[in-house]
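**Q** 3D, please:
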Amino acid sequence: MSDARQTTSQELEQFAQAQGLRIEERTTAALLGKALVSFFRTKPLGAFGLVLVVVWSVIAVGTVGSGGGWLGLGRYDSQEVFKIANPNFVDDKMANVLDGESADISTEDLRTLLLAPEVYGDLAAESGVLPQMLEYVEELIASGTVLTHLETLDPAQIEIRAGTIVDVDDLLATGTNTPLTTSSLQGPSGRHWFGTDRAGHDLFSRVTEGARLSLYIGFFATLIGVVAGTALGLIAGGLGGNIDLAISRLIDALLSFPPIVLLLLLRSVTEPSAIWVTLALSVLAIAPVQRIVRGAVIALREMPFVEAARTLGATNARIMLLHILPNIVAPLIVIFSITIGAFILAEAALSFLGLGTLDVSWGKMIADGRQFIVQSPWTSLFAGLALTSLVFGFNVLGDALRDVFDPRLRGSR
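**A** All right, here's what the predicted structure looks like:
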């Protein structure tokens, strides 16, 4: 700001104070806060969508890392945290070892039989959960409640018949030797808030992990698609002529492919990774964004302020970037918000069909739980609710932003 401008501002402040007027200084934070308050007051549904988006974003970022990240949610750590010391697994192993032993077995014999590491399998040791298992067994032995504990379980692990311990449990009759087996398809509880899936994975952990993949793919696919579509729209609408014709024919060719066919085509020639899924989805956003931007540019390039800039010698690039682009930011924000929700849904659909990434995905969780939907509905329910809430949040937020940025719709609710 020049000295003359500063002097003028100071004189205005002095004049206002002399008239008894209060000078209100508005910082950027204050303006932003006022805008948010107004948004929450006038657009309650859009505000609810914003809250959903923020909550899921915090969960996605806050659960990065071992043990559920800095939020500590879900106890998720790739493949290792799921291989936990499950008491049901230990109970079954103890029953197997005690089968045929005398009912009045001594404490020392119990220690010898039940504290042997090989009883619980190599996977328990490799997963680092063996010490937890042995500690659980040691507590039962020390309290003298091993047999009564195994007898009173639901279902019971052993029976005492003619003074002999008989293993009556058949949970591991298939020959599997993993702690996850007895954790599978458990209902929601204090230990597993959303229950477990057929592999014994904690569903709450996987739902929070799936939020990260959905937001990552949805955001970056939309960002790439919107940026590329905006650039092509600016070039086509601003330059016109043969360049506009060539770009328009390219967009027409892109639109001629049904979205699902195009995704399947791109997926068939790429690896099942989040990067390639992101790039494949971003292609779908280029054509519609280019069409919208091109139309807006054609309408704006004949406006008086653009003609004035052109008369003063501004180049096409300067006009596009400094005069036209700022005037189409508002609709681009709306497009960005709504497209993220659509791409999150598209990623879930690809994973549901088995064409997505190898990472934890809500679509894959819904697909895995289909066969258990009657007896164990939680296997698909919570992932479906998470997907619905996030997509709903982006959709209503986009609708509210459209109403805010469009002067004709500002009075709508």
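**Q** drop to CA atoms for contacts and neighbour counts, all remaining ones
**A** Will do.
**Q** just to be sure, Leu355 is in a strand?
**A** No - using DSSP: H, G, I helix; E, B strand; the rest coil, the assignment for Leu355 is coil, not a strand.
**Q** which ones are touching it?
**A** Shown in contact with Leu355 (C-alpha atoms under 8 Å, 6 or more residues apart in numbering): 264, 267, 272.
**Q** and which of those residues is nearest to Ala346?
**A** Leu264 (11.8 Å; C-alpha to C-alpha).
**Q** what's the closest non-adjacent residue to the closest one?
**A** The shortest distance from Leu264 to any non-neighbouring residue, by C-alpha to C-alpha, 6 or more residues apart in numbering, is to Leu355 (8.0 Å).
**Q** quick one: low-confidence ranges for the stretch 51-200 of the chain?
**A** Under the criterion pLDDT under 70, the flagged ranges of the stretch 51-200 of the chain are 63-87, 123, 126-129, 169-184, 199-200.
**Q** wait, isn't Val306 in contact with Leu300?
**A** Yes - look at Val306 against Leu300 with C-alpha atoms under 8 Å: they come within range, at 7.4 Å.
**Q** all helices for the stretch 1-150 of the chain, in order.
**A** 3-18, 28-42, 44-62, 87-98, 107-114, 121-126, 130-143, 146-151 (DSSP state H, counting those that start in this stretch).
**Q** check which residues of the longest one are buried.
**A** Yep, that's helix 44-62 we're talking about. Buried residues in helix 44-62, counted by 16 or more other C-alpha atoms under 10 Å: 44-50, 52-53, 56-57, 59-62.
**Q** do the last one as well
**A** Counting neighbours by 16+ other C-alpha under 10 Å, one finds that the buried residues in helix 146-151 are 146-147, 150-151.
**Q** by contact count, what packs against it?
**A** strand 158-161 (3 or more C-alpha pairs under 8 Å, 6 or more residues apart in numbering; DSSP states H and E).
**Q** chain center to the strand it packs on, what's the gap?
**A** 49 Å (C-alpha atoms, centre = their mean, to the nearest Å).
**Q** run the chain-centre distance for the helix or strand that it is followed by.
**A** Later in the chain than strand 158-161, the nearest helix or strand by DSSP states H and E is strand 164-167. Between the centre of strand 164-167 and the centre of its host chain there is 49 Å, according to C-alpha atoms, centre = their mean.
**Q** ok, stretch 303-310 next?
**A** The answer for stretch 303-310 is 45 Å, by C-alpha atoms, centre = their mean.
**Q** buried residues in it?
**A** 306, 309.
**Q** show residues contacting that stretch.
**A** Outside stretch 303-310, the residues touching it (C-alpha under 8 Å, 6+ apart) are 300-301, 319, 323-324.
**Q** closest to Ala280 out of these?
**A** Of these, the one sitting nearest to Ala280 (C-alpha to C-alpha) turns out to be Ile324, at 29.2 Å.
**Q** isn't the closest one up against Arg301?
**A** Yes - counting by C-alpha under 8 Å, Arg301 is a contact partner of Ile324 at 7.3 Å.
**Q** show me which of the two is the more surrounded one.
**A** Ile324 (22 against 18; other C-alpha atoms under 10 Å).
**Q** and that one, how far is that from Phe305?
**A** 10 Å (C-alpha to C-alpha, to the nearest Å).
**Q** for Asn88, same thing?
**A** With C-alpha to C-alpha as the criterion, Asn88 and Phe305 are 75 Å apart.
**Q** residues near the nearest residue to Leu98 once chain neighbours are set aside, how many?
**A** Distances taken as C-alpha to C-alpha, 6+ apart place Ile165 nearest to Leu98, at 6.4 Å, with adjacent residues excluded. Other residues near Ile165 come to 23 when the count uses other C-alpha under 10 Å.
**Q** Ile165 against Glu159, yeah?
**A** Yes - if you go by C-alpha under 8 Å, Ile165 and Glu159 touch, sitting 5.9 Å apart.
**Q** of the buried residues of helix 146-151, which is the nearest to Thr230?
**A** Nearest to Thr230 among the buried residues of helix 146-151, with distances taken as C-alpha to C-alpha, is Leu150, at 67.0 Å.
**Q** residue contacts, the closest one?
**A** Neighbouring residues of Leu150 by C-alpha under 8 Å, 6+ apart: 91, 95, 156-158.
**Q** need the pLDDT of Leu345.
**A** For Leu345, the pLDDT comes out at 91.
**Q** so where does it fall, helix or strand?
**A** Going by DSSP H and E, Leu345 is in helix 329-352.
**Q** what's the next helix or strand after that helix in contact with?
**A** Following helix 329-352 in sequence order, the next helix or strand is helix 362-368 (DSSP H and E). Residues from elsewhere that reach helix 362-368 (C-alpha under 8 Å, 6+ apart): 207, 210-211, 214, 347-354, 379-381, 383-384, 386-387.
**Q** now do helix 362-368, average pLDDT.
**A** On average, helix 362-368 scores 88.
**Q** ok, now stretch 312-319?
**A** 82.
**Q** from here on, call the first residue 35.
**A** All set: I'll call the first residue 35, so the last point we hit is now stretch 346-353.
**Q** quick one, domains of the protein?
**A** 121-213, 237-443 (automatic domain parsing).
**Q** might one say that Val368 is in contact with Leu435?
**A** Yes - here Val368 reaches Leu435: they are 5.9 Å apart, a contact under C-alpha under 8 Å.
**Q** find the nearest non-adjacent residue to Ala380, please.
**A** Leu315 (7.9 Å).
**Q** quick revisit: Thr345: which of the helices of the stretch 35-184 of the chain is closest?
**A** Once the helices of the stretch 35-184 of the chain are compared by C-alpha to C-alpha, helix 37-52 is nearest, at 27.8 Å.
**Q** which stretch of helix or strand covers Leu284?
**A** Assigned by DSSP H and E, Leu284 falls in helix 275-289.
**Q** burial count for Gly134?
**A** Residues near Gly134, counting by other C-alpha under 10 Å: 15.
**Q** name the nearest residue to it, sequence neighbours excluded.
**A** That would be Ile199: by C-alpha to C-alpha, 6+ apart, it lies 5.3 Å from Gly134.
**Q** quick one, what contacts the residue nearest to Ser223 when sequence neighbours are not counted?
**A** Leaving out its chain neighbours, the residue that sits closest to Ser223 by C-alpha to C-alpha, 6+ apart is Gly229, at 6.5 Å. Gly229 makes contacts with 219-223, 236-238, 412-413, as judged by C-alpha under 8 Å, 6+ apart.
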